[in-house]
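A.B. asks: structure of the sequence below:
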Amino acid sequence: MNLKTKRTNSKDKDFINLVKELDAFLSVKNGESDDFYSQFNGLEDLHQVIVLYADEKPIGCGAIKKFDSTTVEVKRMYVRKKLQGKNLGVTILTELEIWATELGNEHCVLETGTMLPEAIRFYEKHHYKRIPNYEPYVNAPESVCFEKKLE
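C.D. replies: Now for the predicted structure:
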């Protein structure tokens, strides 16, 4: 499998198509909570997007969004279902962390959910530490928030 990443933005058609798959996946996982979570997943503020390609086909994506003066939030992390579990997400996450550092950031934060135990294990494995839930997830019991200091 020949892997390649592309830096782009939220207007990229491959990114948009991958996000549609992600949203369909999350709609099932989130169940009744999906309306709450989906309102925070708009694409308009995502100016730094990574699309991962395998043999020229888009297979995964992720983005970073400004969170505060020294922090970005990791958003829209996804690898196509049939390729999950093959450690491809680390390629996307690493590229996002490099880009965040290049932009002068010191930390990454992110939110995932208790209904995604694979995602929780993935972030913990890659040195993300649980933190108290940040807004707008403070009163969302299914949310799990993480932070990582960038090197």
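
A.B. asks: contacting residues for Lys75?
C.D. replies: With contact taken as Cβ atoms under 8 Å, 6 or more residues apart in numbering, Lys75 is in contact with Asn41, Leu46, Gly62, Ala63, Ile64, Lys65, Leu110. To be clear about C-beta, it is placed using only N, CA and C from the backbone, and glycine gets the same treatment.

A.B. asks: the same query, at a cut-off of 6 Å, please.
C.D. replies: Taking Cβ atoms under 6 Å, 6 or more residues apart in numbering as the criterion, Lys75 is in contact with Ala63, Lys65.

A.B. asks: phi, psi for Asn9 please.
C.D. replies: Here is the backbone geometry of Asn9 (degrees, to the nearest 10): phi -140, psi -180.

A.B. asks: er, Val90 I mean
C.D. replies: Backbone geometry at Val90, expressed as degrees, to the nearest 10, gives phi -60, psi -30.

A.B. asks: repeat for the one 3 residues further on
C.D. replies: Geometry field for Leu93 lists phi and psi as phi -60, psi -40, criterion degrees, to the nearest 10.

A.B. asks: in this structure, which helix or strand is least confident?
C.D. replies: helix 34-38 (a mean of 47; mean pLDDT, DSSP states H and E).

A.B. asks: note down every partner strand of the longest strand seen in the chain and its orientation.
C.D. replies: Longest strand in the chain by number of residues, with DSSP state E as the criterion: strand 57-68. Strand 57-68 sits in its sheet next to strand 48-54 (antiparallel), strand 71-79 (antiparallel), going by DSSP bridges.

A.B. asks: redo the ones you listed as TSV? Include distance to Glu124 and mean pLDDT.
C.D. replies: Putting the strands paired with strand 57-68 into TSV (distance: least, Cβ to Cβ, whole Å; pLDDT from 0 to 100) gives the following:
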stretch	distance to Glu124	mean pLDDT
strand 48-54	21	97
strand 71-79	14	96
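
A.B. asks: may I have the helix ranked longest in the chain exported as PDB, CA atoms only?
C.D. replies: Taking DSSP state H as the criterion, the chain has its longest helix at helix 13-30. What follows is helix 13-30 as a C-alpha-only set of coordinates in PDB (Å, rounded to 0.1, in the frame of the first residue of the first chain):
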ATOM      1  CA  LYS A  13     -13.800  17.200  -2.200                       C
ATOM      2  CA  ASP A  14     -12.100  14.100  -0.900                       C
ATOM      3  CA  PHE A  15     -12.200  15.500   2.600                       C
ATOM      4  CA  ILE A  16     -16.000  16.300   2.200                       C
ATOM      5  CA  ASN A  17     -16.700  12.800   1.000                       C
ATOM      6  CA  LEU A  18     -14.800  11.200   3.900                       C
ATOM      7  CA  VAL A  19     -16.600  13.400   6.400                       C
ATOM      8  CA  LYS A  20     -19.900  12.200   5.000                       C
ATOM      9  CA  GLU A  21     -18.900   8.700   5.800                       C
ATOM     10  CA  LEU A  22     -17.700   9.700   9.200                       C
ATOM     11  CA  ASP A  23     -21.000  11.500  10.000                       C
ATOM     12  CA  ALA A  24     -23.000   8.400   8.900                       C
ATOM     13  CA  PHE A  25     -20.700   6.200  11.200                       C
ATOM     14  CA  LEU A  26     -21.100   8.600  14.100                       C
ATOM     15  CA  SER A  27     -24.800   8.900  13.700                       C
ATOM     16  CA  VAL A  28     -25.200   5.200  14.400                       C
ATOM     17  CA  LYS A  29     -22.600   5.200  17.200                       C
ATOM     18  CA  ASN A  30     -24.000   8.300  18.900                       C
END
